[in-house]
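**Q** need the 3D shape of this:
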Amino acid sequence: MKRKADKIYRIWVHLRLSYASGRDLLYGISRYARANAHWNIRLIPFSGEGAAMHFPLPEEADGIITSEPLSQDAETSSIPLVVIGTREAWLGRRMRNLAFVRNDDVSIGRFGADFLSALGNFRSFGFVPTNRPYYCSVLRGEGFHAELSEKKKADVRQYRKKDAADGSLNDLATLANWLDSLPKPAAVMAVHDIRAMHVLEAANLRKIKVPEQLAVIGVDNDELLCDFTTPQLTSISPDHVKEGELAAATLQSLLKPCKQRHAPTFRSSAKTIVERESTRPISPAAHLAEAAMTFIRRNALNGISAADVSSNLRVSRRLCDLRFRECHDETMLEAILRVRFTELKRRLVSSNTPIGKITSACGFDCESHAKRLFKKRFGMSMREWRAKGKT
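**A** Predicted structure coming up:
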């Protein structure tokens, strides 16, 4: 007979996995559960707008983590529930066995405003929210406006188009007119990367040059989207993995019997910024360095060398390395290794793939050489790094 401590809890996870943020949340939940909990997780992906409201509350579940609405019986259920987001109408007045986890969205808005303000003297600033008043959109906009109003007497404007779907032809046309009306040079923050992509599309409709006339920044650092746009998109990267771990830890605490009189909210505040072409003044030297960095990001795992970078750009190796070091404070070879080791570390912790296969997949020709470089750089072997990351 199993002891109570050994009970395997049946946990349902309901996330929007079409976004990189949702996949990172899932990774954080999984990482916490593997290391700290006895869970059998059942994943219920979000299936589309409106469909989530019909998602039945599973009576057999011991706990639920969700970023999307559940059915109306969630209000009366006693199943421990962690909501990644803020309180919604479908929860009614429920207070017991409930907690909220979300990013510090006001802080994200302030962070974006501070970054743009430090880039230079813009004549105007703008914030582009979602057309529907989602909580993160409202709070990020508030933080953006508050930061700029405290720093300087800035011309700060907000885009509004309540009667159109985000990214629709109607929305893009209105957004293009709004961008055209901003005194240039201007700097715009969008609530997330998809909305920032709409900003870039609208700017292109009016032939507004990015970043020379308009600096643009998004949120979430969805690398597929950010690298896809032209120019590539600078983005704030909240630590969604850490947010997922926080959600899992919060649910674990709710699984223990307790007298709860309120539904607490826990905020994840960790964030960084990933600079790309949409916020950088482009001089000839900077343009060359950025083109080199773009090629490295896309091809570092394919075994390229620094000579391959300069050859692709059709400039001399010496000139390319000089301009690259001036702009990035590292050589092209160092950048290639940095990209490779970042991916290598991620794969070591997130999978059980043999180390030799991982080094090969990350662009290293020789496993032993990769191991020596890794230990010299990080002070431990790959095997030790893997063990540390999974404890």
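**Q** quick check, pLDDT for residue 58.
**A** Looking at residue 58, its pLDDT reads 70.
**Q** burial check on it, number of neighbours?
**A** Residues contacting residue 58 under the criterion other CB atoms under 10 Å number 16. All C-beta spots, glycine's among them, are computed from the backbone N, C-alpha and C.
**Q** same check, this time on residue 46
**A** Per other CB under 10 Å, the neighbour tally for residue 46 reads 19.
**Q** ok, it - contacts?
**A** The neighbourhood of residue 46, defined by CB atoms under 8 Å, 6 or more residues apart in numbering, consists of 14, 15, 16, 17, 18, 22, 52, 67, 68.
**Q** looking at the residues you listed, which one is closest to residue 194?
**A** Nearest to residue 194 among the contacts of residue 46: residue 18, at 10.2 Å, using CB to CB.
**Q** nearest spatial neighbour of the closest one, chain-adjacent residues omitted?
**A** residue 46 (7.4 Å; CB to CB, 6 or more residues apart in numbering).
**Q** tell me the contacts of the closest residue to residue 61 other than its chain neighbours?
**A** For residue 61, ignoring the flanking residues on the chain, the nearest one in space by CB to CB, 6+ apart is residue 12 at 4.6 Å. Residue 12 is in contact with 41, 42, 44, 58, 61, 63, 64, 65, 66, counting by CB under 8 Å, 6+ apart.
**Q** give me the secondary structure label for the first one.
**A** Meaning residue 41. strand (DSSP: H, G, I helix; E, B strand; the rest coil).
**Q** local confidence estimate at the spatially most central residue of the chain?
**A** For the chain, residue 220 is the residue whose C-alpha lies nearest the centre (CA atoms, centre = their mean; 2.8 Å). You'll see residue 220 listed with a pLDDT of 93.
**Q** surely it touches residue 234?
**A** No. Counting by CB atoms under 8 Å, residue 220 stays clear of residue 234, with 11.9 Å between them.
**Q** dump the residue contacts of residue 160.
**A** The contact partners of residue 160, taken as CB under 8 Å, 6+ apart, are residue 129.
**Q** on that earlier part again, which residues touch the residue nearest to the centre of the chain?
**A** By CB under 8 Å, 6+ apart, the contact set of residue 220 is 19, 20, 21, 192, 193, 235, 236, 237, 238, 240.
**Q** helices of the chain, residue ranges please.
**A** In the chain, the helices defined using DSSP state H lie at 20-36, 105-119, 135-151, 169-181, 193-205, 223-228, 240-254, 284-299, 306-313, 317-328, 332-350, 355-361, 367-378, 382-389.
**Q** of all the ones you listed, which one is nearest residue 79?
**A** Nearest to residue 79 among these is helix 240-254; the distance by CB to CB comes to 9.5 Å.
**Q** what does that closest one rub up against?
**A** 11, 20-21, 24-33, 36-37, 63-65, 80-82, 84, 97-99, 101-103, 220, 260, 266, 268, 270.
**Q** and for stretch 200-212?
**A** With CB under 8 Å, 6+ apart as the test, stretch 200-212 has contacts from 167, 172-173, 175-180, 184-185, 214, 216, 229-231, 233, 277-282.
**Q** report the buried members of those residues.
**A** For those, a burial check counting by 16 or more other CB atoms under 10 Å picks out 167, 172, 175-176, 178-179, 185, 214, 216, 229, 231, 233, 277-280, 282.
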